[in-house]
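>>> All I have is the shape, not the residue letters:
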């Protein structure tokens, strides 16, 4: 018996050690061994999600607002202390830029939360098939869409889990083709936040409208898109809050050319978007100056193509969240968080016609290895307001969490 006990004891110790390792919490901070950059986990609860890449998520006191199945939260970017702001069910829209209120929907109503006082205000009761997508920069207007359909409205209280997102993304292509083919009548509307009244509604048609986002500097300028498979739509548009100034910002010049995932520069001068000439072959991040009409295109290598891009607050840097082999670029080594430094091509022309496109390239730096990330979950990169970190969402440790990577390389001990 003693002999068997002596043999069993080490095995039991190994089993207990293995069990402890299996239940050990993944690290909250580390240096990426492939890039030398520091990565921190900002969330604690699995299935936490940062906002979509073009929605403002940052408060004026240095916190990042995010959501989970349990509600809406804010994490201090310095101390990493997390505070619950709104209990579930609630669907966040964005954080206001001037006053800094948090805007969200609950059931079929639209709310704001004043952060210093924690006063919640109901702003608007949403009829069926009405949705609000964006708040303007001085927090006087909201914008959304109205869809004319007899189909059941989506459950406004349902918060998608990781499994829900993966299931949706796997069937997204078919869903988008079917939805576009329905040609459901839609229109835009603007809501006055002071009065709770509709200030304008229009642009009615059967195009599928989405990706609404106000300019970060002009309270009356809205960008939106015609949703659908990108090679079947004329995608990105501008419109003023009174219905004037409807402008298509990119005209296709070749078969299978695609453009999309548009976003604003921080100063509101430029609409940036993913451009491929044609689809899956040549890759650009393209910019359109909304005042002058000038165009700037930065070329990327196949592995550098990203599901989403973003721009730093000072406009000097860009970021991308990479892509897997199943994405449109079919990259062999594209699963990274990227930092891009733009470099313009020297212009040696003696005379340059005003309508010519200014071109350049991105000099890339890899910040985080996402080899274990499932790209059916979109990372959605954003720069922190101080321009020192890039925030993204990933399941690189198993459950989806929110992370930040420091742009400066970590100091070696």
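Received it, and whenever you're ready, just let me know what you need. If you're wondering where the values come from, they're calculated on a predicted model, not measured in any experiment.
>>> May I see the buried residues of stretch 188-208?
188-193, 199-200, 203, 207-208 (16 or more other C-beta atoms under 10 Å). C-beta coordinates here come from the backbone N, C-alpha and C atoms, glycine included.
>>> quick one, helices of the chain?
For the chain, the helices defined by DSSP state H cover 2-23, 162-170, 172-182.
>>> among the ones you listed, which gets the worst mean confidence?
Mean pLDDT is lowest for helix 2-23 among the helices of the chain, at a mean of 47.
>>> Nearest the geometric middle of this structure, what residue?
With distances taken as C-alpha atoms, centre = their mean, the residue of the chain nearest its centroid is residue 53 (1.7 Å).
>>> what's near enough to touch that residue?
For residue 53, the contact set (C-beta atoms under 8 Å, 6 or more residues apart in numbering) comprises 261, 263, 308-310, 321, 378, 380-382.
>>> just to revisit the earlier point, for residue 72, state which of the buried residues of stretch 188-208 is nearest.
residue 193 (18.7 Å; C-beta to C-beta).
>>> For this protein, give me the ranges with low pLDDT.
Applying pLDDT under 70 to the chain picks out residues 1-23, 155-160, 162, 168, 413.
>>> mind listing what the longest strand seen in it pairs with, with the direction of each?
Determined from DSSP state E, the single longest strand within the chain is strand 358-369. Strand pairing for strand 358-369, using DSSP bridges, gives strand 295-300 (parallel), strand 336-344 (antiparallel).
>>> what about residue 266, how many neighbours?
Residues lying near residue 266 (other C-beta atoms under 10 Å) number 18.
>>> How far off centre is stretch 77-91?
18 Å (C-alpha atoms, centre = their mean, to the nearest Å).
>>> do stretch 306-319 as well
12 Å.
>>> Other residues contacting that stretch?
53-54, 261, 263, 265-267, 272, 274, 285, 298, 320-323, 327, 334, 337-342, 362, 375, 378-383, 385-387, 390, 407.
>>> For it, measure first residue to last.
9 Å (C-alpha to C-alpha, to the nearest Å).
>>> Name the residues of it that come out as buried.
Buried-residue list, stretch 306-319, by 16+ other C-beta under 10 Å: 306-313, 317-319.
>>> Please apply the same query to stretch 47-61.
For stretch 47-61, the neighbour count (16+ other C-beta under 10 Å) marks 47-59 as buried.
>>> Turn the strands paired with strand 358-369 into JSON lines, including mean neighbour count and distance to residue 280.
Listed next are the strands paired with strand 358-369 as JSON lines, based on neighbours: other C-beta atoms under 10 Å; distance: least, C-beta to C-beta, whole Å:
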{"stretch": "strand 295-300", "mean neighbour count": "20", "distance to residue 280": "13"}
{"stretch": "strand 336-344", "mean neighbour count": "20", "distance to residue 280": "18"}
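>>> Nearest to residue 396 among the contacts of residue 53?
For the contacts of residue 53, the nearest to residue 396 is residue 321 (12.0 Å; C-beta to C-beta).
>>> circling back: quick one: which of the strands paired with strand 358-369 is nearest residue 149?
Of the strands paired with strand 358-369, nearest to residue 149 by C-beta to C-beta is strand 295-300, at 36.9 Å.
>>> Quick one: residues in contact with the closest one.
Counting by C-beta under 8 Å, 6+ apart, residues outside strand 295-300 touching it are 270, 275, 282-289, 318, 320, 340, 342, 344, 357-362, 364.
>>> Just checking the distance from that strand to the centre of its chain.
20 Å.
>>> repeat for stretch 72-88
On C-alpha atoms, centre = their mean, the centre of stretch 72-88 falls 19 Å from that of its chain.
>>> which parts of it are buried?
72-75, 77, 80, 82, 85-86.
>>> Just name the closest of those residues to residue 178, please.
Using C-beta to C-beta, these come closest to residue 178 at residue 72, 31.7 Å.
>>> Please tell me how far the residue nearest to that closest one when sequence neighbours are not counted sits from residue 103.
Counting by C-beta to C-beta, 6 or more residues apart in numbering, residue 72 lies nearest to residue 86, which is 4.1 Å off, once chain neighbours are set aside. According to C-beta to C-beta, to the nearest Å, residue 86 stands 11 Å off from residue 103.
>>> quick one, strands of the stretch 51-200 of the chain?
63-68, 71-76, 82-87, 91-95, 102-106, 109-114, 119-125, 130-135, 141-147, 186-192, 197-205 (DSSP state E, counting those that start in this stretch).
>>> List the neighbouring strands of the fourth one plus their orientation.
Strand pairing for strand 91-95, using DSSP bridges, gives strand 102-106 (antiparallel).
>>> gap between the strand it pairs with and the chain center?
17 Å.
>>> cool, stretch 290-301 as well?
Taking mean C-alpha positions (C-alpha atoms, centre = their mean), stretch 290-301 and its chain are 21 Å apart.
>>> next one: stretch 392-407
The answer for stretch 392-407 is 14 Å, by C-alpha atoms, centre = their mean.
>>> Can you give me the first-to-last residue distance of that stretch?
Start-to-end, stretch 392-407 (C-alpha to C-alpha) is 13 Å.
>>> Over to stretch 230-239?
This stretch, stretch 230-239, spans 20 Å end to end (C-alpha to C-alpha).
>>> And the contacts of it?
180, 188, 203, 207-208, 221-227, 245-252, 256-260, 262, 271, 273, 279, 290.
>>> try it again with 6 Å
222-226, 246-250, 256, 258-260, 262, 273, 279 (C-beta atoms under 6 Å, 6 or more residues apart in numbering).
>>> and if you look at stretch 79-93?
By C-beta under 6 Å, 6+ apart, stretch 79-93 touches 67, 70-75, 103-106, 157.
>>> Spatially, which two of those are the most separated?
Using C-beta to C-beta, the pair of the contacts of stretch 79-93 lying farthest apart is 75 and 157, separated by 23.9 Å.
>>> picking up where we left off before, give me the buried subset of the contacts of stretch 230-239.
Judged by 16+ other C-beta under 10 Å, buried ones among the contacts of stretch 230-239: 222-226, 249-250, 258-260, 262, 273, 279.
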